[in-house]
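Asks: here you go, sequence then predicted model.
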Amino acid sequence: MLVPFNFAHDYPTQKPNHYLVCPKNFCKATPDQISPILKLSSTQLKKKVAHIITNQPRTKLIEYNNKKHYYFYEQRSKVFKFPDYITVQIIPINENESSLAIYSQSKYGYYDFGINQKRIENWLNQIQK
(Lines give C-alpha, C1' and ligand atoms only; values in the text may rest on other atoms or scores of the structure.)
Protein backbone atom coordinates (compact mmCIF):
# COMPACT_ATOMS: atom_id res chain seq x y z
CA MET A 1 0.00 0.00 0.00
CA LEU A 2 1.16 3.52 -0.72
CA VAL A 3 1.53 6.15 1.97
CA PRO A 4 -0.14 9.57 1.77
CA PHE A 5 1.56 12.03 -0.54
CA ASN A 6 3.47 14.73 1.34
CA PHE A 7 2.84 17.93 -0.64
CA ALA A 8 5.75 19.79 1.01
CA HIS A 9 8.37 17.10 0.29
CA ASP A 10 7.28 14.54 -2.31
CA TYR A 11 7.49 14.47 -6.08
CA PRO A 12 5.04 12.52 -8.25
CA THR A 13 6.07 9.24 -9.76
CA GLN A 14 7.91 9.36 -13.09
CA LYS A 15 5.10 7.32 -14.63
CA PRO A 16 2.20 9.21 -16.25
CA ASN A 17 -0.37 7.56 -13.97
CA HIS A 18 -1.03 10.41 -11.56
CA TYR A 19 -2.41 13.94 -11.28
CA LEU A 20 -1.35 16.72 -8.88
CA VAL A 21 -3.34 19.85 -8.01
CA CYS A 22 -1.96 22.45 -5.58
CA PRO A 23 -2.29 26.13 -4.79
CA LYS A 24 0.49 28.27 -6.19
CA ASN A 25 3.80 27.75 -4.28
CA PHE A 26 2.31 25.13 -1.94
CA CYS A 27 3.82 21.92 -3.35
CA LYS A 28 7.48 21.13 -3.75
CA ALA A 29 6.68 19.64 -7.16
CA THR A 30 5.19 21.54 -10.07
CA PRO A 31 1.45 20.77 -10.11
CA ASP A 32 -0.50 19.66 -13.17
CA GLN A 33 -3.11 22.26 -12.22
CA ILE A 34 -3.32 25.19 -9.79
CA SER A 35 -6.03 24.85 -7.13
CA PRO A 36 -8.74 27.48 -6.88
CA ILE A 37 -9.14 29.71 -3.85
CA LEU A 38 -12.64 29.08 -2.56
CA LYS A 39 -14.97 31.36 -0.64
CA LEU A 40 -15.39 28.70 2.04
CA SER A 41 -13.86 28.36 5.47
CA SER A 42 -11.55 25.38 5.85
CA THR A 43 -14.25 23.67 7.95
CA GLN A 44 -16.86 24.20 5.23
CA LEU A 45 -14.48 22.98 2.54
CA LYS A 46 -13.54 19.90 4.57
CA LYS A 47 -17.21 18.96 4.95
CA LYS A 48 -17.93 19.51 1.27
CA VAL A 49 -14.91 17.50 0.14
CA ALA A 50 -15.70 14.66 2.54
CA HIS A 51 -19.29 14.52 1.29
CA ILE A 52 -18.24 14.42 -2.37
CA ILE A 53 -15.50 11.83 -1.93
CA THR A 54 -17.36 9.49 0.41
CA ASN A 55 -20.20 9.34 -2.11
CA GLN A 56 -17.90 8.11 -4.87
CA PRO A 57 -18.27 4.46 -5.81
CA ARG A 58 -15.70 1.98 -4.49
CA THR A 59 -14.00 4.66 -2.37
CA LYS A 60 -12.94 4.41 1.25
CA LEU A 61 -11.06 6.58 3.70
CA ILE A 62 -7.83 4.88 4.73
CA GLU A 63 -6.20 7.46 6.97
CA TYR A 64 -6.75 11.00 8.13
CA ASN A 65 -5.29 13.70 10.34
CA ASN A 66 -7.78 16.42 11.28
CA LYS A 67 -5.10 18.66 12.82
CA LYS A 68 -3.05 18.66 9.61
CA HIS A 69 -6.20 18.67 7.45
CA TYR A 70 -5.14 15.71 5.29
CA TYR A 71 -7.13 12.70 4.16
CA PHE A 72 -5.96 9.58 2.35
CA TYR A 73 -8.43 7.60 0.22
CA GLU A 74 -8.45 4.49 -1.92
CA GLN A 75 -10.71 4.18 -4.94
CA ARG A 76 -10.83 0.90 -6.84
CA SER A 77 -11.53 0.50 -10.54
CA LYS A 78 -14.91 -0.94 -11.46
CA VAL A 79 -13.88 -4.00 -13.45
CA PHE A 80 -10.47 -5.15 -12.19
CA LYS A 81 -10.61 -3.51 -8.73
CA PHE A 82 -7.16 -1.90 -9.18
CA PRO A 83 -6.50 0.66 -6.41
CA ASP A 84 -5.83 4.33 -6.94
CA TYR A 85 -4.68 6.36 -3.94
CA ILE A 86 -5.77 9.93 -3.36
CA THR A 87 -4.30 12.34 -0.82
CA VAL A 88 -6.28 15.51 -0.06
CA GLN A 89 -5.12 18.37 2.11
CA ILE A 90 -7.36 21.30 3.03
CA ILE A 91 -5.46 24.60 3.20
CA PRO A 92 -6.90 27.41 5.32
CA ILE A 93 -6.15 30.85 3.83
CA ASN A 94 -8.15 33.06 6.16
CA GLU A 95 -11.42 32.84 8.09
CA ASN A 96 -13.58 32.81 4.94
CA GLU A 97 -11.30 31.34 2.28
CA SER A 98 -9.50 28.08 1.74
CA SER A 99 -7.99 25.89 -0.94
CA LEU A 100 -6.89 22.30 -1.28
CA ALA A 101 -4.15 20.11 -2.65
CA ILE A 102 -4.96 16.75 -4.23
CA TYR A 103 -2.70 14.00 -5.50
CA SER A 104 -4.24 10.99 -7.22
CA GLN A 105 -2.05 8.05 -8.27
CA SER A 106 -2.62 4.59 -9.67
CA LYS A 107 -0.81 1.87 -7.77
CA TYR A 108 -0.41 -0.42 -10.78
CA GLY A 109 0.46 0.14 -14.39
CA TYR A 110 2.40 2.73 -16.29
CA TYR A 111 -0.41 4.66 -17.97
CA ASP A 112 -3.82 5.45 -16.48
CA PHE A 113 -5.69 6.68 -19.61
CA GLY A 114 -6.30 10.03 -17.86
CA ILE A 115 -8.41 8.50 -15.09
CA ASN A 116 -6.67 10.35 -12.24
CA GLN A 117 -6.98 13.70 -14.02
CA LYS A 118 -10.66 13.11 -14.83
CA ARG A 119 -11.36 12.10 -11.22
CA ILE A 120 -9.75 15.22 -9.75
CA GLU A 121 -11.26 17.60 -12.30
CA ASN A 122 -14.69 16.09 -11.61
CA TRP A 123 -14.25 16.51 -7.85
CA LEU A 124 -13.02 20.11 -8.28
CA ASN A 125 -16.05 20.91 -10.43
CA GLN A 126 -18.37 19.51 -7.77
CA ILE A 127 -16.56 21.43 -5.02
CA GLN A 128 -16.86 24.72 -6.91
CA LYS A 129 -20.63 24.38 -7.45
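Replies: On my side now, so go ahead. Numbering: from 1, shown residues only.
Asks: how many neighbours does the closest residue to Asn96 other than its chain neighbours have?
Replies: Closest residue to Asn96 apart from its sequence neighbours, by CB to CB, 6 or more residues apart in numbering: Ser41 at 6.0 Å. In this view, the C-beta of every residue, glycine as well, is placed from N, C-alpha and C. Residues near Ser41, counting by other CB atoms under 10 Å, number 17.
Asks: repeat for Pro83
Replies: Pro83 - counted by other CB under 10 Å - has 17 other residues nearby.
Asks: I'd guessed it sits against Ile62; true?
Replies: No. Using CB atoms under 8 Å, Pro83 is not in contact with Ile62; the gap is 9.8 Å.
Asks: mutual contacts of those two, please.
Replies: By CB atoms under 8 Å, 6 or more residues apart in numbering, Pro83 and Ile62 have these common neighbours: Glu74.
Asks: the residue nearest to Asn96 and Phe72: what is the separation?
Replies: Separation of Ser41 from Phe72 (CB to CB, to the nearest Å) stands at 22 Å.
Asks: for the residue nearest the centre of the chain, pull up the helix or strand it's in.
Replies: Closest to where the C-alpha atoms of the chain average out (CA atoms, centre = their mean) is Ile102, at 2.6 Å. Per DSSP states H and E, Ile102 falls inside strand 97-106.
Asks: show me what that strand is packed against.
Replies: On a contact count with 3 or more CB pairs under 8 Å, 6 or more residues apart in numbering; DSSP states H and E, strand 97-106 meets strand 18-22, helix 42-54, strand 83-94, helix 115-128.
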